[in-house]
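Engineer: A predicted structure for the sequence below; I have some questions about it.
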Amino acid sequence: IKKIGVLTSGGDAPGMNACIRAVVRTALHKGLQVTGIYQGYQGLIDANFKEMDTRSVSNIIQRGGTILKTARCLEFKTTEGRKIAYDNLKAAEIDALVVIGGDGTFTGANFFSKEFEIPIVGIPGTIDNDLYGSDYTIGYDTANNTVIEAIDKIRDTAASHERLFFVEVMGRDSGCIALNAGIAGGAEAILLPEKETAIDDLISHLEDGAIKKKSSSIVIVAEGDQNGGAYYVAKKVKEKFDHYDTKVSILGHLQRGGSPTSFDRVLASRLGFAAVNEILAGNTRITVGLRGNEIKTTPIEEAISNKEIKLSPDLLEMAEIL
Ligand code: ADP
């Protein structure tokens with residue numbers, strides 16, 4: 001292997017830049033050439049390539065987003081699209097790929113490396129923390145901190161006006177951000193995709209709080225919540241419980257941005273470093289991830305087929321009590 005390509009794909013996440021930097025610098029250090037592929041799999045199909053040197057990744061470790069851009073690419077879902085991608089890689093003499101992204105990115109990588117015998121290592125990058133094979137994904141810690149900051153601010157206004165706030169947070173089908181932010185933000189209740197919460201139970205819980213003279217309450221609603229999201233839950237609660245002025249706040253895309261936390265920068269650097277080493281060791285069709293405090297590999301097929309619920313029972317129990 002003489003030259004590797006690196007790309008970011010799917011939803012962006014803070015820390016992707018730190019990861020690109022680690023891939024580029026590790027590869028150069030080991031005597032490899034590195035090509036940056038722009039806009040994820042779309043860039044493979046369009047041959048949107050740029051040779052990277054050590055300066056190409058200067059001054060990016062602290063920046064959110066991804067300098068390589070990202071995209072959702074329908075053409076890559078077809079064999080014909082992937083054939084074009086492969087021909088472009090061959091023409092550019094790229095021998096192996098590092099792909100940073102989520103579940104969809106890994107699914108595409110799995111098809112591609114089976115059809116065309118190209119070594120690929122996947123790195124979990126998504127704020128949702130919904131991938132098997134790594135306790136944490138790149139961007140999750142930063143998103144948690146962003147959400148906490150927002151909740152703290154909402155609490156100020158909630159307490160001043162005696163309001164009940166329903167705050168909707170991201171995570172797709174994963175309740176990781178909701179649970180974590182709910183605990184760290186001292187929420188009154190947390191509605192998760194993984195767990196059913198009856199609206200009536202939520203109301204009686206809020207009534208208890210009102211009897212105890214709570215001046216305000218914050219309910220965290222995961223975007224994948226089983227009831228149907230913050231607006232719906234707020235409406236249903238209000239129909240039977242109008243002790244407080246009720247407000248809804250959907251945090252939205254601000255959760256994806258911002259400078260990565262120290263944790264995400266170090267995680268991203270470790271995973272980028274590991275991915276290059278795995279390629280050099282002859283490994284392919286794997287993902288790298290953090291398990292405990294060790295970097296471990298997982299076959300990409302397992303990473304995409306195994307669903308892992310990362311909400312630990314003790315956290316769930318604690319959230320109920322606190
Ligand atoms: P994420 O990687 O964050 O889950 P997406 O689900 O959008 O984001 O996937 C990123 C890209 O991966 C898609 O735009 C597409 O190009 C590719 N991809 C996703 N699913 C498949 C699939 N079943 N086959 C081939 N490529 C796929």
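Structural biologist: Sure, I can see it. Quantities reported herein were computed from a predicted structural model and do not represent experimental measurements.
Engineer: what about the strands in the stretch 1-150 of the chain?
Structural biologist: 3-8, 33-37, 49-52, 96-101, 120-124 (DSSP state E, counting those that start in this stretch).
Engineer: Which among these is found nearest to the ligand?
Structural biologist: Closest to the ligand of the strands of the stretch 1-150 of the chain is strand 96-101 (C-beta to the nearest ligand atom; 3.7 Å). Placement of C-beta: from N, CA and C, glycine included.
Engineer: Now do the buried residues in stretch 40-53.
Structural biologist: Buried residues in stretch 40-53, counting neighbours by 16 or more other C-beta atoms under 10 Å, are found at Gly40, Tyr41, Gln42, Gly43, Leu44, Ile45, Asp46, Asn48, Phe49, Met52.
Engineer: Below-threshold pLDDT in the stretch 1-150 of the chain: ranges please.
Structural biologist: Low-confidence segments of the stretch 1-150 of the chain (pLDDT under 70): none present.
Engineer: Setting the sequence-adjacent residues aside, check what's closest to whichever residue of the stretch 51-200 of the chain sits closest to the ligand.
Structural biologist: The ligand sits closest to Gly104 of the stretch 51-200 of the chain, with a gap of 2.1 Å, by C-beta to the nearest ligand atom. Take Gly104 and drop its neighbours on the chain: the residue closest to it by C-beta to C-beta, 6 or more residues apart in numbering is Gly10, 5.2 Å away.
Engineer: Just name the most buried of the strands of the stretch 1-150 of the chain.
Structural biologist: Neighbour counts (mean count of other C-beta atoms under 10 Å) averaged over each of those peak at strand 120-124, with a mean of 30.
Engineer: ok, it: who's next to it in the sheet?
Structural biologist: strand 96-101 (parallel), strand 286-291 (parallel) (DSSP bridges).
Engineer: Is it possible to get CSV of these that adds distance to the ligand?
Structural biologist: CSV is the format used below for the strands paired with strand 120-124 (distance: least, C-beta to the nearest ligand atom, whole Å):
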stretch, distance to the ligand
strand 96-101, 4
strand 286-291, 12
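Engineer: same for the ligand: which of the buried residues of stretch 40-53 are within range?
Structural biologist: Tyr41 (C-beta under 6 Å from any ligand atom).
Engineer: where does this protein come near the ligand, residue by residue?
Structural biologist: Listed as neighbours of the ligand in the chain under the rule C-beta under 6 Å from any ligand atom: 9-11, 41, 72-73, 76-77, 101-105, 107-108, 111, 126.
Engineer: now with 8 Å?
Structural biologist: Residues of the chain found near the ligand (C-beta under 8 Å from any ligand atom) are 9-11, 40-42, 71-77, 82, 101-108, 111-112, 125-126.
Engineer: how about the helix or strand hosting Ala268 as CSV, C-alpha atoms only?
Structural biologist: Using DSSP states H and E, Ala268 falls within helix 262-280. Output of helix 262-280 as CSV, limited to C-alpha atoms (Å, rounded to 0.1, in the frame of the first residue of the first chain):
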residue,chain,number,x,y,z
SER,A,262,-11.0,17.6,24.6
PHE,A,263,-12.5,14.1,24.8
ASP,A,264,-13.6,14.1,21.2
ARG,A,265,-10.3,15.5,20.0
VAL,A,266,-8.4,12.7,21.7
LEU,A,267,-10.8,10.0,20.7
ALA,A,268,-10.8,11.2,17.1
SER,A,269,-7.0,11.3,17.1
ARG,A,270,-6.7,7.8,18.6
LEU,A,271,-9.1,6.3,16.1
GLY,A,272,-7.5,8.0,13.1
PHE,A,273,-4.1,6.8,14.2
ALA,A,274,-5.4,3.2,14.7
ALA,A,275,-7.2,3.1,11.4
VAL,A,276,-4.0,3.8,9.4
ASN,A,277,-2.1,1.2,11.5
GLU,A,278,-4.8,-1.4,10.8
ILE,A,279,-4.5,-0.8,7.1
LEU,A,280,-0.8,-1.2,7.2
